[in-house]
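Peer 1: Pasting the sequence and the predicted coordinates here, then a few questions.
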Amino acid sequence: MKMQRLLIIGCFSLIIFWTPYTHAQAPMSFTLKQAQDYASEHNYDLQNARYDVEIAKKIVRENTSIGLPQVNASASYMDNILRPTSIIPNFFDTTGSAPPFEIQFGTRYNATFTAQLTQLIYSGEYLVGLQTAKAYLETEKEKNLKAQIDIRDLVSGAYIAYLIVDESLEILDSTYKTVSLMVSETEEFYKNGLIEQLDVEQMELNAATLEASLITTRSQKLIAYNYLKFLMGIEETQEIILADDLDFFLQRINRDYLMTTNFDYGSNINYRLLKKQEFLVLMQLKLAKTAYQPSLVGFIDISTNAQRESWNFFDSKQRWFSSSAWGLQLNIPIWSSGSRKFAIDQASINLDKMKVLDKQTRTSLNLQVETVRNDFNTSYLVFLNKKKSLQTASKIYEQTIIKYRQGLASSTDLNQKYNQFLITESEYTQAMFDLLKSNIALSKLLEKV
């Protein structure tokens, strides 16, 4: 019996020892700034944007290496199983009737090793190509910066959207508790013959409608929560907590700055990226023009070969014959039937298009700034109005509940004030979201990067 107990205890000990512990991951708390910083490192799009910059760096090095010394080597081996026969005239025949000589030249086995060093001395195409590669790198860096700004603002929007939904959920939940209590009180009034059955059913309908809104809002909150985690690059199983609240964002709004700050094209990331692209088009024009320029290449060749009648290439007593040469190769373009000219014309037209696009972008950005600034100012005024309206609607609804309980207000009055409160609450949260969203959009346009 004692041995059985020891055996059971031993088995349980082994099970406990070998069973892996599953620790729940501790929630991660993020302020908006921390969420943006985390996203800048872990967001999937930003990771690829950084890879694009690294690829651009490799392209620059690849183009640079073209103008550096190049060394290539080759080896060849030939076994003349049937050596070719050459026909030459019979020089000893004075009558011209003798048949020609049939002669086989060369050896059966041949091996050759060659090494060549080349150095590009001058090429306009190479020089412009190198400048283009460096400009491409700068463009990719600007794209990476733009991606960081876009993700930062997307994280801000998602962060705020979650808080807005959470705020709506709290208001709805509080209202639902009040309405549920009113349902119970209404049923008691009905039992005492103070109200009609219709009043009870109306109150139950209000509670059911509000419960459906709660279900929908909880689903929206989960969606907003998961979307924020996706933007930040956080795993699905990791729980997060948002440390900033809506008051934090509302207090950060600087209306005077946003309404009075002048817009600067040079600081706008989209316009800066356009200028980088315009420079690349200019480089394409310069590259097309280099097709008229000559190029000069220097080279050094070193080779060694062996010719054998028997296969003895590794016999140190047998000779290998070496040769070497150096030289210059000048390539001069002379006539291309107009292909070079047409390539230049295309590049020139593309540059003209970029100039038109530059003007269009300036006009579009000006219009966008004015539109977003007007939207922001409107949203700001509407928010103040809806905030005050919500306070008033909430006060009216609470007073109507008191009067209803005292028998001084009808169920119709209560239902009207209830609907009025819900509509005002919805308009308030929407106005808050519109204000914070327009604040992000206008701040992004005016930001100096």
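Peer 2: Nice, thanks for sending it over. Numbering: from 1, shown residues only.
Peer 1: for the helix or strand where Thr412 lies, which positions count as buried?
Peer 2: Assigned by DSSP states H and E, Thr412 belongs to helix 411-446. By neighbour count on 16 or more other CB atoms under 10 Å, the buried set for helix 411-446 is 411, 414-415, 417-418, 420-422, 424-429, 431-446. The C-beta positions use only the backbone N, C-alpha and C, and glycine is treated the same way.
Peer 1: How are the strands of the stretch 51-200 of the chain distributed by residue range?
Peer 2: Taking DSSP state E, counting those that start in this stretch as the criterion, the stretch 51-200 of the chain contains strands spanning 70-79, 85-88, 101-104, 109-123.
Peer 1: contacting residues for Met28?
Peer 2: Contact analysis of Met28 by CB atoms under 8 Å, 6 or more residues apart in numbering lists 234, 238-241.
Peer 1: Filter the residues you listed down to the buried ones and hand me the PyMOL line.
Peer 2: A single PyMOL command suffices to select whichever of the contacts of Met28 are buried according to 16+ other CB under 10 Å:
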select buried, resi 234+240
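Peer 1: As CSV, the contacts of Met28 with distance to Val128, secondary structure and pLDDT would be great.
Peer 2: Output for these, formatted as CSV (distance: CB to CB, whole Å; DSSP: H, G, I helix; E, B strand; the rest coil; pLDDT from 0 to 100):
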residue, distance to Val128, secondary structure, pLDDT
Ile234, 45, coil, 95
Gln238, 50, coil, 93
Glu239, 54, coil, 95
Ile240, 50, strand, 95
Ile241, 54, strand, 96
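Peer 1: closest to Ser348 among the contacts of Met28?
Peer 2: When the contacts of Met28 are ranked by distance to Ser348 (CB to CB), Ile234 comes first, at 49.6 Å.
Peer 1: With adjacent residues omitted, what lies nearest to the closest one?
Peer 2: Excluding the flanking residues, the one nearest Ile234 by CB to CB, 6 or more residues apart in numbering is Ile240, at 6.4 Å.
Peer 1: From Ser168, how far off is that neighbour?
Peer 2: Distance of Ile240 to Ser168, computed by CB to CB, to the nearest Å: 20 Å.
Peer 1: For stretch 194-202, list every residue counted as buried.
Peer 2: For stretch 194-202, a neighbour-count test (16+ other CB under 10 Å) marks 195, 199-200, 202 as buried.
Peer 1: Now do it: everything it contacts.
Peer 2: With contact meaning CB under 8 Å, 6+ apart, stretch 194-202 is reached by 183, 186-187, 189-190, 407, 411, 415.
Peer 1: cool, and stretch 137-149?
Peer 2: Stretch 137-149 has contacts (CB under 8 Å, 6+ apart) with 40, 45-46, 49-50, 52-53, 55-57, 59-60, 269-270, 272-273, 276-277, 280, 444, 447, 449.
Peer 1: Show the low-confidence segments of the stretch 51-200 of the chain, by residue range.
Peer 2: Residues of the stretch 51-200 of the chain meeting the criterion pLDDT under 70: 93-94, 96.
Peer 1: Quick one: the helices in it, in order.
Peer 2: Secondary structure of the stretch 51-200 of the chain (DSSP state H, counting those that start in this stretch): helices at 124-191, 197-232.
Peer 1: Check the stretch 201-350 of the chain too.
Peer 2: 246-252, 255-260, 269-289, 339-405.
Peer 1: Kindly reformat those as JSON lines and extend each row with mean neighbour count.
Peer 2: Output for the helices of the stretch 201-350 of the chain, formatted as JSON lines (neighbours: other CB atoms under 10 Å):
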{"stretch": "helix 246-252", "mean neighbour count": "13"}
{"stretch": "helix 255-260", "mean neighbour count": "12"}
{"stretch": "helix 269-289", "mean neighbour count": "18"}
{"stretch": "helix 339-405", "mean neighbour count": "15"}
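Peer 1: For Thr132, which of these is the nearest?
Peer 2: Judged by CB to CB, the one of those that comes nearest to Thr132 is helix 269-289, at 4.2 Å.
Peer 1: sorry, back to before: would you turn the contacts of Met28 into a markdown table with distance to Leu172?
Peer 2: Shown next, in a markdown table, are these (distance: CB to CB, whole Å):
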| residue | distance to Leu172 |
| --- | --- |
| Ile234 | 27 |
| Gln238 | 27 |
| Glu239 | 23 |
| Ile240 | 23 |
| Ile241 | 21 |
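Peer 1: between the contacts of Met28, which is closest to Gln251?
Peer 2: Of all the contacts of Met28, Ile241 has the smallest distance to Gln251: 20.4 Å, by CB to CB.
Peer 1: Name all residues that make contact with the closest one.
Peer 2: Applying CB under 8 Å, 6+ apart, we find Ile241 in contact with 27-30.
Peer 1: doesn't Leu181 make contact with Ala207?
Peer 2: No - using CB atoms under 8 Å, Ala207 is not in contact with Leu181, being 9.8 Å away.
Peer 1: Neighbour count: these two, which is higher?
Peer 2: A side-by-side neighbour count of Ala207 and Leu181, using other CB atoms under 10 Å, places Ala207 first with 19 against 12.
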